[in-house]
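Participant: With the input below, show me the fold.
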Amino acid sequence: MRQLFALFWLVLGVIYLFFNISDLFTAFSFKSVLLSLVALFVIAISVGDLKNNRQ
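Facilitator: Reported below is the predicted structural model:
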């Protein structure tokens, strides 16, 4: 169940970055940078959690 939860957040973070990467280059605002950093942080935690569950 925990692996499924981590996979869900990983997919959600990747989808968010995919659809909002152009916003970072066109409308460079503090909010878009902060949300992208949060999405990268969520992706990093999810990948780490998935790697730990595999061992």
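Participant: Give me the buried stretch members for the helix or strand hosting residue 35, please.
Facilitator: Following DSSP states H and E, one finds residue 35 within helix 30-54. Under the neighbour-count criterion of 16 or more other C-beta atoms under 10 Å, helix 30-54 has 32, 35, 36, 39, 42, 43, 46, 49 buried. Yep, even glycine has a C-beta here, placed from its N, CA and C like the rest.
Participant: where does the protein have low pLDDT?
Facilitator: Within the chain, the segments meeting pLDDT under 70 span 1, 23-25, 27, 54-55.
Participant: 80 instead, please
Facilitator: Within the chain, the segments meeting pLDDT under 80 span 1-3, 19-33, 53-55.
Participant: how about stretch 44-55 as CSV, C-alpha atoms only?
Facilitator: C-alpha atoms of stretch 44-55 as CSV (Å, rounded to 0.1, in the frame of the first residue of the first chain):
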residue,chain,number,x,y,z
ALA,A,44,12.6,12.8,-4.9
ILE,A,45,10.9,11.4,-1.8
SER,A,46,8.7,9.1,-3.8
VAL,A,47,11.7,7.7,-5.7
GLY,A,48,13.6,7.2,-2.5
ASP,A,49,10.6,5.5,-0.9
LEU,A,50,10.1,3.2,-3.9
LYS,A,51,13.8,2.2,-3.8
ASN,A,52,13.7,1.5,-0.1
ASN,A,53,10.7,-0.7,-0.5
ARG,A,54,12.3,-2.8,-3.2
GLN,A,55,15.2,-3.9,-1.0
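Participant: neighbouring contacts of that stretch?
Facilitator: Here stretch 44-55 makes contact (C-beta atoms under 8 Å, 6 or more residues apart in numbering) with 2, 3, 6, 7, 9, 10, 13.
Participant: Identify the residues contacting the second one.
Facilitator: If I follow you right, that is residue 3. With C-beta under 8 Å, 6+ apart, residue 3 has these contacts: 49, 50, 53.
Participant: For stretch 47-55, what is the distance to the chain centroid?
Facilitator: 16 Å (C-alpha atoms, centre = their mean, to the nearest Å).
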